[in-house]
Each structure stands twice: as structure tokens, then as C-alpha cells.
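K.L.:
kindly generate the corresponding structure for this input.
(chains A, B, C and D)
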Number of protein chains: 2
Amino acid sequence: MSGSTRRAGRRGWKGWSTVSQRVPTVRDVAVRAGVSVGTVSKALNNRGQLREETRARVVAAARDLGFRPNALAQSLQSGRTYTVAVITTDRFGRFGNPLMLGVEDALGADRVSVFLCDTRDDPIREHHHAQTLDERRVDGIIVAGRRKQTRPPLAVASGVPVVYVIAQSSDPSDFCVTTDDVGGGALAGRHLLAAGRTHIGHITGPERFADPRERAAGLQSVLDSAGLDLAGGQVFYGEWSEDWGRRAAEMLLHAAPDTDAIFCGSDQIARGVVETLRDRRLRVPGDIAVVGFDNWEPMAAGCRPPLTTVDPNLREVGRVAATRLLDMIAGTPVQGSTETVPAWLMLRESTGVRLVDPQS
Amino acid sequence: MSGSTRRAGRRGWKGWSTVSQRVPTVRDVAVRAGVSVGTVSKALNNRGQLREETRARVVAAARDLGFRPNALAQSLQSGRTYTVAVITTDRFGRFGNPLMLGVEDALGADRVSVFLCDTRDDPIREHHHAQTLDERRVDGIIVAGRRKQTRPPLAVASGVPVVYVIAQSSDPSDFCVTTDDVGGGALAGRHLLAAGRTHIGHITGPERFADPRERAAGLQSVLDSAGLDLAGGQVFYGEWSEDWGRRAAEMLLHAAPDTDAIFCGSDQIARGVVETLRDRRLRVPGDIAVVGFDNWEPMAAGCRPPLTTVDPNLREVGRVAATRLLDMIAGTPVQGSTETVPAWLMLRESTGVRLVDPQS
DNA sequence: TTGTAGGCGTTATCAT
DNA sequence: ATGATAACGCCTACAA
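P.N.:
Numbering: from 1, shown residues only, chains lettered A, B, ... in the order given. A predicted model of the protein is given here:
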């Protein structure tokens, strides 16, 4: 509970009043240390020339008082807030998590705090957030979409650095960090080829999205180089659901009974596929190898057998985005207009890799 | 890209310089409108007595200049930042998502921005964040743990309202909002009883955690009232994994072959259980009904059959926590030291509910 | 080596 | 009805 007067606003405290314990300012520290406010500032920021004894006295006074510099006042005069915002349309969805982790990796080292704004796919909300962030004078903004698409630039005051993630701005001069879906598809394809599979099918999400199309293109290019055709003669586009995975697997096996590998556009789809295979008494990876996409741990690891899957490296995407943003804030011009982060392959058992137990 | 001098700090802009477009202040608006800064403030905030014509002129000037009030300056003088922080130990995990959604539900209406801080279960990190938040003068803090346990109070300046979520503070005077796991367990139990099941088993997570114990207690109390015993004669405590669900289901069926319902401590466990049941040619819900816990949509809905599951109502927990925090900030004393949010049951097919298609 | 004063952008009080 | 001015808390020239 603990409520007491801790603010300095002239309006004073409007709540129930308790002991009036003002939060200490440089002035209080100065009085206690028997010096002036200027000296306090210098002592606490290691600036200027000060006698060691004085500095120590000030530091001690600050410590005794529990002095915390007011970041608002500091920012007001420095013009830097050490604050950035992440605007996500993702409804705090699962893709946002690794991304945020990466962002914090990069930002945490720099004492930068993060405003999290969820637009819930509502342009009104987004605009509202953009305005608020303007007013708060954030140093920079990361705009994260969950799909590869082009979106209008964030309506924000000119001059605030913005980095787009996955969904890129329609303004070609804006900078964007994104995943490598073509590369991810190719990775899966090469892995299956290396495992000796030659009849590879592909089941994925909606064709109207760019992401699944790119993944399919990556796979296709690898098959082309190997002189192979897609099992079933087509990409099975559908939905991002387990159920689609189940149904599409039936279709694929019906069209191409000799299929010996299936690359899936998501781990959810892959789970559905694996379930159908099990129902049909087909062994994974014995008869058919399966590769997923996302490396969504609980989905992929919980699968039986555990799923080999393409990890789009979202955490790294977040880290890169934040790093570039910091660069822009510092004034270092970032080169290029889009940076693509390579995907990598998480090897589990669904493609026949036998993981060696380090214990044995 | 767009980088220009937009800050007012005396240090000036250290980056590459472009057109020097200062961000407009009340002063600029005042000049353009031909009035004084005080008048601008009144006009823009609808305060004091002003001629309508003047007000309009000021508003127009502000609009023309793209004026955005500097929130830092406002906060400095008002003592309110309209900013709260959510500190989570959850590594941005999945439980944090619905929680954050609820928090934003409550906060969004009030123009309050959210700092998101992830401690990654590291007390050092937590302390560091607490200090930063102190300096930023946030109006309040929500501390969210992912498990029901007692934790030391957040080391933060006295006077900042703090609401704990799920994990409660060891200081009994601190306020906490949490889930109703006993109630959730009871809900599951009553539902299964109502479905005519009388041999109900329970498979759940580690016994050392309070959450699974409470869920088990809730189920047990319902069984007691009905004069029934737990199928298998014990709660099957284990891990939060599908694999444990698979193994435990074998054990339970071995111990009590007449089991006709299984309540699982998580949706992941439930998926494992369902898989084992399918392998054994047992129909769900025909032979055995299954109830999960979490209502983790992709897990529960992707299951075949879709999983009836207890929804711990995390979004509501977040909403309540934020609402109470706003109350505390406003000075309204919150009553009680813990508020428990009721769980509810998401009905799907794994307990025999036949969902009526609204189309037909 | 230390103190003084001005300003960051805004709001509120008190003159006018 | 409007203007001038003093805070809010801090930092940094510049003066002492």
C-alpha cells in the first residue's frame, strides 16, 4: 500500500495523506553535504574538478537521503530520454516474445527503457500511440508487424528514428529488419535433400501472404537445382492450423503416395501432419521426414517425435533492429534500407537426426 | 531515414545534420498566434477564461506548427507521468501476453503508457529496473510473477504504488491480484461430475509449486462432497510437459483402468494424455473425458478433439491489477490485501459438449 | 575548487 | 481576457 507525498508538483498530493516524505532533490543533497547544487551535480556525475573529500561527502549525502536523480528533469535539459518504444500489431502474440527478448538484449546494455504499445491492428490506436510517443519525446521507435507486408509509415514527428520489423514501410527510405523466409525454405530443402529425401512435399499457410510464398520459393529453388519436382505437384496452401495440416497431409499422400518428406510452413501445421502420418501407421522420420517452421518450442518439442524446424531467428531480428535504432539515434547513418537476418535449423528427431545424449 | 535537429538540449545534435527543424514549443505557438505563452497553455488545455476567437487562433497556430506538448515538461511540473511499469519475471513468456492485454485494456483508456521490464528471473536485473523506474518517476508498478509464491517486496522508493500479480509480496500490507486455482480445479471437477463421470483422475505439474497443489485441492474438495475418490488413488504430480502427460496417462490407466475422466493441470499435459488415449484406442470423450488448464488457444483448440479447459482469466487479472493500481495512484485506498479473480471453463469437445453450429 | 545563474518546456498564480 | 513570472529538478557555463 504505502502512499505518501512523494511528488513535487505544485498541485500537491490529492490522495489520503500520510507522513509527508518529499522525494529528495539535488538541493536536499546539497544542504546535507554543505555544498551547492552545482557541486552536487558535478560530484554525482564525475564531472569537473572536485576535491575527493567533497565528492565523497556528496555521494554519502545522496546515499543517506536515497537520492535518485529525476530522469524527467535530466531529459528535459539534455534532449535525450533514453527511452524507445516498440509498437506491435501483434496483440502481444507469440511472435512478439522472442522479438522483445532480442530488443531488450540490445537495449538493456544501454540503460534504455522500453514503452510497449499494442495497436491491436487498429490504425486509430496506432495513431494515438504515435502521438503519445511524440509527446514523450522517445528517442526512437520500433514498429513491428507480424507479417511480411508493406504498410504506411508511422505517422510520427519528423526526426524520430524509426525501424520497421518484418512489415516494411511503404516509404523506401525507411529502414527495415526482417526474417529470411526464402533462406529458411531453402535451408529446410537442403536439409531434407542431405537426408536422402527426393519426394518432398510442402504444406503451408495462406497463399495471399508473402511469408509462406517466400518459404515455398526457397524450397522450390533448392528442388530446381537438384532437378527434382515438388511431391504432389503443387504447394498446398491453406491455413495456419493443425487441422489444415491433418487435412492437407491426407491430400498430399493421396496425390503422391511415394512422398518421403514434408516441409511445413509452421510448427502447428507440422503437428497436424505428423498426427495424420501416425494415424496412417507411417513412421516419422522412418517413412517420412517432417520439417516445421517457427521453432515454437512448446509446439515443436512436444511433438512426437520432436520436430526439426526452421528457426526464423526472431530474437536476433529484435536485437538487430534495436542495435540499428541505437545507431540511428546516435547519428550513425545505417546503410541499406533492409536488413535480412538469416534463419537457422533446429535439429530434432523428425528428420532422422539422432541426438547424442551427452551423458552417455 | 529523416534525421534532423529535433531536440532542444543545449548540447545540440551530435549526429549528421540536416535541415534544422526545431520541434515547436508553446513559445513558438505563442508567437505565431500573437499571444503569450500563458494564453497558449490556457487555450490548449481549456482552462481559464478566454475569448473564443483567441482560443481558436491559438489552436490553429498549434495545428499549423504541428505542436505536441512536451510530456516531460508537463510531468516535471505536475508530478504525474501517466506512466506505469510492468515488471515481469516471465521472460516475456506466454502467460505475460493475456496479462498485458488486460493491463492495456485498463490503462489505455486513461492515456497511461507502459514500460515493460523483463527481469529474466535475475534479482540484479530486477533491482536495476526498479532503480530506473524510480528515476523515471513512474506513477505505479505492476510486479508479475508466473507462479504462486511469496517473493520479497520490490526494492523501490517508498510511496510508489505497487500491485503484485500471482506472486505475492512477503510484506502482508502489499496488494496482490491473483488467479483462483482452487476454484479452477473445482470448476473442472463439477463439470466432469455433471457430465456423469465418477472415476476422475488428475495429472498435473510439479508438487513443489503451489499452483498445481491448489488445483488438485479444488478438484479434491468437489470429489469429497460427492463422496468419490480420486481415480488411481493419488494425484499424479510431474512436469509441465506433453511427455509427462503421455507417461502419466499410462500410469493412471494401469492403476485405474475404469477411469472415465482425467483433469489435467495444463493444456500441454492434456495433449499428451489425449495422445496416449488415442494410442490405446480409447475415445475422447466417449470413453474418457479430458479437461485441461490454461485455455492456451493454439494448444487447446488444435487438440483433437478440441480441449475443454479451465481459463484462469489472466486477461481479467491484468485488467483488475491495472485498475487497482490506478485507484491507488488516485489515492483511493484499495481494500483487502489480495484479490482473487475467478476462473471460467472453456467448453470444447473433449468433455462431450456438442457445440451447436449457429448456422444450422 | 566551488558557487551562482540561466535555461530546458510547461503550467499556475497574480497582475494588468 | 490576457500577460508576465515563478516554479518543477537538473545541468552547465561562467564567475568567484
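K.L.:
A:Gly292 belongs to a strand, doesn't it?
P.N.:
Yes - in this structure, A:Gly292 lies within a strand as judged by DSSP: H, G, I helix; E, B strand; the rest coil.
K.L.:
for it, give me its contacts.
P.N.:
Contacts here follow Cβ atoms under 8 Å, 6 or more residues apart in numbering or on different chains; on that basis A:Gly292 touches A:264, A:266-267, A:269-271, A:299-300, A:303, A:307-310, A:350. For the C-beta atoms, the positions are set from N, CA and C on the backbone; glycine is no exception.
K.L.:
show the pLDDT at A:Gly9.
P.N.:
What the model reports for A:Gly9 is a pLDDT of 39.
K.L.:
check A:Val341 too.
P.N.:
Per-residue confidence for A:Val341 comes out at a pLDDT of 98.
K.L.:
same check on A:Val334?
P.N.:
Note on A:Val334: pLDDT of 84.
K.L.:
what's it in contact with, if anything?
P.N.:
With contact taken as Cβ under 8 Å, 6+ apart, A:Val334 is in contact with A:175, A:324, A:327-328, B:1.
K.L.:
would you mind measuring from the residue nearest to the spatial centre of chain A to A:Phe92?
P.N.:
When Cα atoms, centre = their mean is applied to chain A, the residue found nearest the centroid is A:Leu99 (1.2 Å). Taking Cβ to Cβ, to the nearest Å as the criterion, A:Leu99 is separated from A:Phe92 by 11 Å.
K.L.:
kindly report the same for A:Ala62.
P.N.:
From A:Ala62 over to A:Phe92 (counting by Cβ to Cβ), the distance is 38 Å.
K.L.:
let me see the contact set for A:Val103.
P.N.:
A:Val103 is in contact with A:86, A:114, A:142, A:318-319, A:321-322, counting by Cβ under 8 Å, 6+ apart.
K.L.:
next, it: secondary structure please.
P.N.:
Bear in mind the rule, three-state DSSP; under it A:Val103 is helix.
K.L.:
now swap in A:Ala270 and tell me
P.N.:
Using three-state DSSP, the structure places A:Ala270 in helix.
K.L.:
how many neighbours does it have?
P.N.:
Using other Cβ atoms under 10 Å in any protein chain shown, A:Ala270 has 31 neighbouring residues.
K.L.:
and the next helix or strand past the helix or strand harbouring A:Thr309?
P.N.:
When secondary structure is defined by DSSP states H and E, A:Thr309 falls within strand A:308-311. Moving toward the C-terminus from strand A:308-311, the next helix or strand (DSSP H and E) is helix A:314-330.
K.L.:
report the buried residues of that following helix.
P.N.:
Of all the residues in helix A:314-330, those buried under the rule 16 or more other Cβ atoms under 10 Å in any protein chain shown are A:314-329.
K.L.:
of these, list those near chain B.
P.N.:
Counting by Cβ under 8 Å from any Cβ of the partner chain, the subset of the buried residues of helix A:314-330 that neighbours chain B consists of A:Met328.
K.L.:
for DNA strand C, state which of the buried residues of helix A:314-330 is nearest.
P.N.:
A:Ile329 (17.7 Å; Cβ to the nearest atom of the strand).
K.L.:
that closest one contacts A:Gly159, correct?
P.N.:
No - under the criterion of Cβ atoms under 8 Å, A:Ile329 is not in contact with A:Gly159, lying 10.9 Å apart.
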